[in-house]
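In: got a predicted model here, sequence first, then my questions.
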Amino acid sequence: MAVPALVLGLCLALTGLAAPALAKGTGSKQAKTKVFEVCKHGCKFNTIQKAVNAAGSFKFQKANAKVKVTVAVKPGKYVEGVVVDGTEKKVDFDGLTIEGTTKNRRKTILEGKNAKGELGAAQNGIEAISVDGIVLKNMWARNYQSNGFFVHASNEEGEHCDGYTMDNLLASDNRSYGLFAKNCYGGKMVNSAGYHQGDSAFYVGETPCDKKSWTVHGTTAVPCQKKPQWTLLKNDKSYENVLGFSGTNSKYVKIVESAFYNNGIGIAPNTLDSEGYEPNGWNIIERNDVFWNNYNYFLAGAAFHTVSGGLGQLAGETVNYPTGVGIILYGSANTVVRHNNVFGNYKWGIASFSGPGEEFVANEGSEAKNVNNQIVENVLGREGADPNGEYDLWNDDTGGGNCWSGNSANSSFAPGNGKVPLSQIYPACPQPEVSYDQARSINTTAGLQLIFGDFSNPSTILGYAGTGPAQNQQCTWVRRIAAHPPFQKYTPVEVAALPGELSCK
């Protein structure tokens with residue numbers, strides 16, 4: 001109750017003593033909240049970093065352990081890179097909130113251009129290292145050398161990242177990622193948007209397991225996390241990026257009720273050796289709009305370009321992400337793709353494929369296998385009004401336990417060379433689950449993953465992703481209608497090729 005606090009304040013005032021500062025409505029001698037205010041002029045702190053440092057030192061004091069600490073940033077442009085380092089001594093950043101004081105996220109700007117860090121140019125707008133429960137809200141991070149908002153922990157003993165919240169954020173024109181979480185146990189990326197990233201606007205990767213030694217191999221494989229801690233992406237918008245969403249070795253991620261459009265690829269969970277805890281899987285992609293992902297960022301006129309020099313070599317070809325695709329599952333396990341609205345993508349609507357771990361080694365541990373996924377009840381091509389290009393559904397006939405059911409009645413399926421029936425390439429649900437060691441990561445029969453003697457054939461995933469020069473992927477796009485019909489208030493954005501820039505045969 002507030003009454004005792006008011007009585008105490010009156011008594012102290014009458015005796016000429018200063019009453020202790022109380023948080024609004026707490027009724028306790030120790031404030032339950034503490035705000036560190038930042039503004040360009042007139043506040044105690046004129047940079048976010050100074051306020052963060054003070055907040056961490058304050059929270060470290062034993063008497064303040066239960067105080068909710070907020071860094072409140074007033075509108076303005078802050079040319080800095082903020083580091084929230086939970087590994088430092090004599091600070092406590094767990095539960096810290098950093099938020100713009102206005103809900104208009106475009107008013108509170110973290111500016112990467114000319115921003116300085118400890119080793120030169122600032123790499124990230126805000127980077128949180130080994131911090132649990134951090135909240136980032138109501139801000140715009142742009143023009144950073146690496147990422148807009150980055151939360152992560154290393155695999156070192158004692159480092160931990162859990163339960164972050166990124167809410168009402170905007171990230172643009174960052175060299176790699178917009179909203180980026182790595183090696184974290186659960187979190188939220190909600191009500192946010194990103195554009196012009198050299199990789200993806202939203203990234204959740206290297207989801208940690210209960211044990212560092214976890215593996216999908218063996219007949220008695222156990223779950224990565226016995227009690228999964230989920231990451232939620234909801235009500236987000238991702239447009240004009242290399243990838244709308246990327247998740248290397250991501251797990252327990254729900255992507256729902258969001259829009260991915262005008263990217264190179266809309267949604268792309270993937271398995272790569274570059275990060276730990278392979279593969280990606282146990283994800284849910286549901287009730288999203290995934291459309292017009294036909295941005296050829298390899299062209300000179302693109303507003304942004306890929307940060308990647310290619311994903312590596314396979315069969316002598318430099319492999320890049322395929323463009324013109326709505327959703328891909330690359331080496332995914334036990335993922336559900338359901339009730340999505342996928343249309344107007346010039347190559348494929350939803351594609352699924354494995355990374356060879358045999359003969360042609362794209363994945364050294366043979367863990368990039370597509371197994372036990374469900375692609376069900378999706379609306380494809382707006383029922384013919386805005387069709388996907390070459391095919392609605394594309395699968396390379398590797399892995400096992402995957403199934404397709406209840407998608408649009410007139411959906412088109414990539415048939416390959418005709419040697420394998422469609423019912424085998426796209427079996428109906430349900431299917432019995434298979435183990436990783438039962439499944440093969442390579443298929444040379446169907447003519448979908450690769451073709452011996454014709455590795456550059458763009459009807460295969462190897463040939464298409466290995467197209468050189470990479471901008472020529474566009475040469476095999478299929479535009480089935482002259483123009484996209486209107487969809488809500490969105491506008492399709494594509495890159496015009498310069499004369500001679502495409503060398504289509």
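Out: Great, that's in hand.

In: okay, now the unreliable bits of the stretch 1-150 of the chain?
Out: The stretch 1-150 of the chain contains residues with pLDDT under 70 at 1-31.

In: where exactly do the helices run in it?
Out: In the stretch 1-150 of the chain, the helices defined using DSSP state H, counting those that start in this stretch lie at 3-14, 48-60.

In: how about the chain?
Out: Secondary structure of the chain (DSSP state H): helices located at 3-14, 48-60, 422-425, 461-465.

In: show me where pLDDT drops low in this structure?
Out: Low-confidence segments of the chain (pLDDT under 70): 1-31, 315, 358-361.

In: got a list of contacts for stretch 216-232?
Out: 162-163, 181, 184-190, 204, 207, 209-210, 214-215, 250-254, 256, 277-279, 282, 333, 365, 367, 435-437 (Cβ atoms under 8 Å, 6 or more residues apart in numbering). All C-beta atoms are positioned from the backbone trio N, CA, C, and that covers glycine.

In: got it, and stretch 404-416?
Out: Residues from elsewhere that reach stretch 404-416 (Cβ under 8 Å, 6+ apart): 348-349, 374-381, 383-384, 388, 390-395, 397, 422, 425-429, 446-448, 459.

In: tell me which of these fall in strands.
Out: Among the contacts of stretch 404-416, the residues falling in strands (DSSP state E) are 348-349, 374-376, 379-380, 391-395.

In: distance of residue 142 from residue 178?
Out: As defined by Cβ to Cβ, to the nearest Å, residue 142 lies at a distance of 9 Å from residue 178.

In: who touches both of these two?
Out: Taking Cβ under 8 Å, 6+ apart as the criterion, residue 142 and residue 178 both touch 148, 171-172.

In: tabulate those residues (TSV), appending neighbour count and distance to residue 54.
Out: Formatted as TSV, those follow (neighbours: other Cβ atoms under 10 Å; distance: Cβ to Cβ, whole Å):
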residue	neighbour count	distance to residue 54
148	32	24
171	31	26
172	20	29
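
In: how many other residues sit next to residue 497?
Out: Per other Cβ atoms under 10 Å, the neighbour tally for residue 497 reads 17.

In: list the contacts of the spatially closest residue to it that is not a sequence neighbour.
Out: In this structure, residue 497 finds its nearest non-sequential neighbour in residue 299, 5.5 Å apart by Cβ to Cβ, 6 or more residues apart in numbering. Residues near residue 299 by Cβ under 8 Å, 6+ apart: 471, 495-498, 501.

In: in JSON lines, list these along with distance to residue 266.
Out: JSON lines is the format used below for those (distance: Cβ to Cβ, whole Å):
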{"residue": "471", "distance to residue 266": "19"}
{"residue": "495", "distance to residue 266": "17"}
{"residue": "496", "distance to residue 266": "21"}
{"residue": "497", "distance to residue 266": "22"}
{"residue": "498", "distance to residue 266": "26"}
{"residue": "501", "distance to residue 266": "24"}
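
In: and for the spatially closest residue to residue 153 that is not a sequence neighbour, the neighbour number?
Out: Nearest non-adjacent residue to residue 153, counting by Cβ to Cβ, 6+ apart: residue 161, 3.8 Å away. For residue 161, the neighbour count with other Cβ under 10 Å is 25.

In: try residue 97
Out: By other Cβ under 10 Å, the residues close to residue 97 number 18.

In: my guess is it contacts residue 70, does it?
Out: Yes: Residue 97 lies in contact with residue 70 (Cβ atoms under 8 Å); the separation is 4.4 Å.

In: center of the protein, which residue is that?
Out: residue 203 (2.2 Å; Cα atoms, centre = their mean).

In: coming back round to it: and which of the shared contacts of residue 142 and residue 178 is nearest residue 125?
Out: Closest approach between the shared contacts of residue 142 and residue 178 and residue 125, by Cβ to Cβ: residue 148, at 4.8 Å.

In: any idea which strand is longest in the protein?
Out: strand 162-172.

In: from the middle of its chain, how far away would that one be?
Out: How far strand 162-172 lies from its chain's middle: 11 Å, per Cα atoms, centre = their mean, to the nearest Å.

In: buried ones in that strand?
Out: By neighbour count with 16 or more other Cβ atoms under 10 Å, strand 162-172 contains the buried residues 162-172.

In: need those residues in TSV (columns: distance to residue 403).
Out: Formatted as TSV, the buried residues of strand 162-172 follow (distance: Cβ to Cβ, whole Å):
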residue	distance to residue 403
162	34
163	34
164	34
165	35
166	33
167	35
168	37
169	36
170	38
171	36
172	38
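
In: for the residues you listed, which one is nearest residue 295?
Out: The closest of the buried residues of strand 162-172, once distances to residue 295 are taken by Cβ to Cβ, is residue 172, at 14.6 Å.

In: run a quick neighbour tally on the residue lying closest to the closest one once chain neighbours are set aside.
Out: Leaving aside its sequence neighbours, residue 172 sits nearest to residue 142 (Cβ to Cβ, 6+ apart; 4.6 Å). For residue 142, the count of nearby residues is 21 (other Cβ under 10 Å).

In: what pairs with residue 142 across the strands?
Out: Beta-bridge partners for residue 142, by DSSP bridges, are residue 111, residue 172.

In: so what's it up against?
Out: By Cβ under 8 Å, 6+ apart, the residues touching residue 142 are 109-113, 125, 148, 170-174.

In: contact partners for the residue lying closest to residue 239 once chain neighbours are set aside?
Out: Leaving out its chain neighbours, the residue that sits closest to residue 239 by Cβ to Cβ, 6+ apart is residue 262, at 4.6 Å. For residue 262, the contact set (Cβ under 8 Å, 6+ apart) comprises 239-240, 292-295, 492-494.

In: and residue 262, how close does it get to residue 467?
Out: Distance from residue 262 to residue 467, by Cβ to Cβ: 21 Å.

In: quick revisit: what packs against the longest strand of the chain?
Out: strand 135-142, strand 147-152, strand 177-182, strand 185-190, strand 193-195 (3 or more Cβ pairs under 8 Å, 6 or more residues apart in numbering; DSSP states H and E).

In: what angle do that strand and strand 185-190 make?
Out: 30 degrees (axes from the mean of the first three to the mean of the last three Cα atoms, to 10 degrees).

In: CA atoms only for strand 162-172, dumped as CSV, please.
Out: These are the backbone C-alpha positions of strand 162-172, laid out as CSV (Å, rounded to 0.1, in the frame of the first residue of the first chain):
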residue,chain,number,x,y,z
ASP,A,162,18.3,-16.8,-22.1
GLY,A,163,14.9,-15.2,-22.5
TYR,A,164,15.7,-12.1,-24.5
THR,A,165,13.0,-9.8,-25.9
MET,A,166,13.3,-7.7,-29.1
ASP,A,167,10.1,-5.7,-29.5
ASN,A,168,9.2,-2.9,-31.9
LEU,A,169,12.7,-2.7,-33.4
LEU,A,170,13.8,-1.6,-36.9
ALA,A,171,17.1,-2.6,-38.4
SER,A,172,18.3,-1.4,-41.8
